[in-house]
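Enquirer: Could you work out the structure for the sequence below:
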Amino acid sequence: MKLEGKRIILGVTGSIAAYKAVYLLRLLIKEGAEVQVIMTPSAREFVGSVTFSALSGKPVLTEFFRDESGDWNSHVDLGVTSDLMIIAPVTATTLGKMAHGIADNLLVTTYLSARCPVLLAPAMDMDMFAHPSTQENLRILKGYGNLVIEPGTGELASGLDGKGRMEEPERILEVLLRLNEEGKKKALSKRVLVTAGPTHESIDPVRYLGNHSSGKMGYAIANAFAREGADVVLVSGPVSSLPLEPSVRLIRVVSAHEMYEAVSREIGESDVAVFNAAVADFTPEQPERAKVKRGKDDWHLVLKPTRDIAGEMGARVHLDAHETVVQVGGAGPGKDETQTDGSDGSEFPAGRRSRISGGHEPADLHRGGGRDGTDRSGFQAGSGPRSGCEDTKSNRSCVNTSFTSCNVSAGRRIRAGNCAARCRS
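Expert: Predicted coordinates for the structure are as follows:
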């Protein structure tokens, strides 16, 4: 039982998805957790409190005072003594109250008193979820250090099909177990910056230059680092909804210029940088302010080069004797294909600080810092994220002193320009 001895608060709010909380409670109990259920008054209209009480073995709490005795249900004790708080489902109403400190029920007052990690699983209709006020509340709550499991896409209670379904209980449990394991890790703290997806370069308000990048590889890289305990920042171009670990901080951009600005802000604090985005090589010199109507038989579009994000970031970063720069799977300039079978003999040096670049350059659950400055990524305080890049056996590298240097990934054929001639073991 992986959660044995863990004290968990399960908050349930007034949503048709409240029935899923019953299944989640059962899974938590099976893993050995001690669960206290707190329901909002409206939640009891969807699922009876007796169901939760029978499964948890504890009375369900809803009101500040107990009906007959007048005893007080102390939200302070509940918040301070718990190892984890999860609210599933959490409605737009409760998100708004949590974001702005409206403590008019036992669940929100307990949240405001909680010193443990807080996990949120939203559930609502697609238009409610997409509304700017809901998105702003989520942004605020992530900034407070709360973890958000993004809702799924599918058929909703309204009959519409879209994003708003509460994530399945099995997936939520998987996230909880991973958080528990991350809390136990004792590894050096690493901060990883990843870029992903395409960029869209505006021609006029309705047209743009783009490419077919799906962003899947960049998101997969970000998720892999996050699962290893790294503190991951993902700068993503416009892509369709993709699965993302709750601990990953997502920065959405559209154009190559916006991606450059976002990377510029983040690169200085990063230990590892993976440039996987398919950034446009050119952008319109003068985007039109109004839609260009069809008229002439031809249309001359003047383009200018975009900034080389990987190249400029590599030149900006100062490398000391203990730092190594590596390019992973890069589609850099040049026509040669180099077989990276490790014949150069240079392994990824153990104990070195690494900055990894690559992807298509130069051709995207969320967490912010804790309210008290602490890391809320795991159940146990003081556990640092873990780097997933210091493998001294499986990877071999061509090492140079710029982000545009060679390649990694032994046994894989990739474009490397004249990399082989510059690499030394």
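Enquirer: Check the secondary structure at the residue nearest to residue 90 when sequence neighbours are not counted for me.
Expert: Counting by C-beta to C-beta, 6 or more residues apart in numbering, residue 90 lies nearest to residue 120, which is 4.9 Å off, once chain neighbours are set aside. (C-beta placed from N, C-alpha, C; glycine too.) Judged by DSSP: H, G, I helix; E, B strand; the rest coil, the three-state class of residue 120 is strand.
Enquirer: going forward can the numbers begin at 113, since that is how I track them
Expert: Yes, from this point I'll number from 113; that puts the last item at residue 232.
Enquirer: how far away is the most centrally placed residue in the chain from residue 398?
Expert: Computing the C-alpha centroid of the chain and ranking residues by C-alpha atoms, centre = their mean puts residue 360 first, at 2.4 Å. The gap separating residue 360 from residue 398 is 36 Å, by C-beta to C-beta, to the nearest Å.
Enquirer: try residue 357
Expert: Distance, residue 357 to residue 398, using C-beta to C-beta: 40 Å.
Enquirer: In terms of packing, which of these two has more residues around it?
Expert: Set side by side, residue 357 and residue 398 show more neighbours around residue 357, with 21 against 9, by other C-beta atoms under 10 Å.
Enquirer: Let me see the contact set for the more buried one.
Expert: By C-beta atoms under 8 Å, 6 or more residues apart in numbering, the residues touching residue 357 are 287, 334, 335, 338, 339, 344, 477.
Enquirer: Excluding chain neighbours, give the residue nearest to it in space.
Expert: Nearest to residue 357 is residue 338, by C-beta to C-beta, 6+ apart, at 3.9 Å.
Enquirer: With residue 136 instead?
Expert: Residue 136 sits nearest to residue 281 (C-beta to C-beta, 6+ apart), 3.9 Å away.
Enquirer: swap in residue 424?
Expert: Nearest to residue 424 is residue 372, by C-beta to C-beta, 6+ apart, at 7.7 Å.
Enquirer: so that neighbour sits right up against residue 423, yeah?
Expert: No: counting by C-beta atoms under 8 Å, residue 372 stays clear of residue 423, with 11.1 Å between them.
Enquirer: Who has more neighbours out of these two?
Expert: residue 372 (20 against 17).
Enquirer: where's the more buried one, which helix or strand?
Expert: Assigning secondary structure by DSSP states H and E places residue 372 in helix 368-378.
Enquirer: Using PDB, write down the CA coordinates of that helix.
Expert: C-alpha atoms of helix 368-378 as PDB (Å, rounded to 0.1, in the frame of the first residue of the first chain):
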ATOM      1  CA  ALA A 368       8.800  33.200 -33.000                       C
ATOM      2  CA  HIS A 369       9.400  36.600 -31.400                       C
ATOM      3  CA  GLU A 370       7.100  35.700 -28.400                       C
ATOM      4  CA  MET A 371       9.000  32.400 -28.000                       C
ATOM      5  CA  TYR A 372      12.300  34.300 -28.100                       C
ATOM      6  CA  GLU A 373      11.100  36.600 -25.400                       C
ATOM      7  CA  ALA A 374       9.800  33.800 -23.200                       C
ATOM      8  CA  VAL A 375      13.100  31.800 -23.500                       C
ATOM      9  CA  SER A 376      15.100  34.900 -22.800                       C
ATOM     10  CA  ARG A 377      13.300  35.300 -19.500                       C
ATOM     11  CA  GLU A 378      13.700  31.700 -18.400                       C
END
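Enquirer: buried ones in that helix?
Expert: Across helix 368-378, burial judged by 16 or more other C-beta atoms under 10 Å covers 368, 370, 371, 372, 374, 375, 378.
Enquirer: In terms of secondary structure, what does it contact?
Expert: Contacts defined by 3 or more C-beta pairs under 8 Å, 6 or more residues apart in numbering; DSSP states H and E place helix 368-378 against strand 303-308, strand 343-348, helix 421-428.
Enquirer: out of these, nearest to residue 383?
Expert: strand 303-308 (5.2 Å; C-beta to C-beta).
Enquirer: Name the surrounding residues that touch that closest one.
Expert: With C-beta under 8 Å, 6+ apart as the test, strand 303-308 has contacts from 327, 329-331, 333-334, 337, 342-349, 351, 371, 375, 378-379, 381-389, 391, 421, 471, 473, 476, 497, 499-501.
Enquirer: tell me how far it is from the chain's mean position?
Expert: On the basis of C-alpha atoms, centre = their mean, to the nearest Å, strand 303-308 sits 11 Å off its chain's mean C-alpha point.
Enquirer: Work out the sheet partners of the next helix or strand after it and label each with its direction, please.
Expert: Downstream of strand 303-308, the first helix or strand assigned by DSSP H and E is strand 313-316. Counting by DSSP bridges, the strands paired with strand 313-316 are strand 319-321 (antiparallel).
Enquirer: quick one: whichever helix or strand comes after the strand it pairs with to strand 343-348, angle?
Expert: Later in the chain than strand 319-321, the nearest helix or strand by DSSP H and E is helix 328-339. For helix 328-339 against strand 343-348, the angle by axes from the mean of the first three to the mean of the last three C-alpha atoms, to 10 degrees is 170 degrees.
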